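# Sequence plus the predicted model coming up.
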Amino acid sequence: MDISLFHIEQGLGFPLILLHGNGEDHTYFEHQIEHFSKMFRVLAVDTRGHGQSPRGTAPFTIGQFADDLLHFMDAHGIAKAHLLGFSDGGNIALDFVMKYPDRVEKLVLNGANLFPLGMKASVYCWVWRHYRRARRKHNLKKQEMLLLMLRQPHFTRRMLAAIDKPALVVVGDRDMIRERHSLYIGKCIKNSRLCIIKGTHFCANKNFGPFNEAVERFLSED
């Protein structure tokens, strides 16, 4: 691996890895780190090119981020973990469990999408406009971030059906991901359930009480 991922760690017990969304960093989970550290060894990671993790020279793709996570787990002696991914972090978690199922115990997918048009049309157009603006201003970092949302991921029904890990699909009732898209994810993963929280795409941060309660209940089940 060409880089080392920055992370913060808190708590003891079974590992719970937190994966943030596009353009963010580990601080997005400010309301989850302390809460879940009472039950788990919580590791909140900055994805490649985000926060305090360097960009490196490897591809800037969901697949590469999943491979980075594998190297991270190996480097920190983590044989298996729960994954809680928000937005692109959820997409990373999906890619990871498809490639490395033996390394995952449970999945929490918060605002993940299977392909770019899983986003509502207004959001997709917003991303496209800001990508074009970043190109005009020669803002290469922002271009790369936004292009990731416009081009990835690309998961199929068959790929989801192959997942045999318990999964919690969490979305806000005013999420930027289409509701039928989230319902479809929950339907395709055979051992999953859907939980709708009041709020937007950012319900884990803005309405963290109900979010944490739903996640804690799911992770504590046998």
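Okay, I see it. Quick caveat: nothing in here was measured; it's all calculated off a predicted structure. Numbering: from 1, shown residues only.

# what's the helix or strand for the residue nearest the centre of the chain?
The centre of the chain sits closest to G89, judged by C-alpha atoms, centre = their mean, with a distance of 1.7 Å. Using DSSP states H and E, G89 maps to helix 88-99.

# And that helix, what's buried?
Neighbour counts over helix 88-99 (16 or more other C-beta atoms under 10 Å) mark 88-98 as buried. To be clear about C-beta, it is placed using only N, CA and C from the backbone, and glycine gets the same treatment.

# quick check, nearest of these to F40?
Each of the buried residues of helix 88-99 was checked against F40 using C-beta to C-beta; the closest is A93, at 15.6 Å.

# Need the nearest residue in space to the closest one, chain neighbours excluded.
G85 (3.6 Å; C-beta to C-beta, 6 or more residues apart in numbering).

# and the one you found, what is it in contact with?
Residues near G85 by C-beta atoms under 8 Å, 6 or more residues apart in numbering: 18-19, 91-94, 107-110, 112.

# same thing but at 10 Å, please
Residues in contact with G85 (C-beta atoms under 10 Å, 6 or more residues apart in numbering) are 17-21, 69, 91-97, 107-112.

# L107 too?
Neighbouring residues of L107 by C-beta under 10 Å, 6+ apart: 82-85, 90, 93-94, 96-97, 163, 165-169, 189, 191-192, 218.

# Report the angle between the one helix or strand it maps to and helix 88-99.
Per DSSP H and E, L107 falls inside strand 104-110. Strand 104-110 and helix 88-99 are oriented at 150 degrees to each other (axes from the mean of the first three to the mean of the last three C-alpha atoms, to 10 degrees).

# how about the helices in this structure?
With DSSP state H as the criterion, the chain has helices at 30-37, 62-75, 88-99, 121-136, 140-151, 157-161, 179-188, 203-206, 208-220.

# what about the residue sitting furthest away from the middle of the chain, distance to K142?
Distance from the C-alpha centroid of the chain, by C-alpha atoms, centre = their mean, peaks at R136 (29.3 Å). Using C-beta to C-beta, to the nearest Å, R136 is found at 11 Å from K142.

# And F14, by the same measure?
Distance from F14 to K142, by C-beta to C-beta: 37 Å.

# same question, H130
Distance, H130 to K142, by C-beta to C-beta: 8 Å.

# what's the answer for Q64, then?
According to C-beta to C-beta, Q64 and K142 sit 19 Å apart.

# Same question for E221.
The value you get for E221 to K142, if C-beta to C-beta is used, is 41 Å.

# And the two? Which one has more around it.
K142 (16 against 9; other C-beta atoms under 10 Å).

# Quick check: chain neighbours aside, which residue is closest to the more buried one?
Nearest to K142 is A134, by C-beta to C-beta, 6+ apart, at 4.0 Å.

# quick one: contacts for that neighbour?
So A134 contacts 140-147 (C-beta under 10 Å, 6+ apart).
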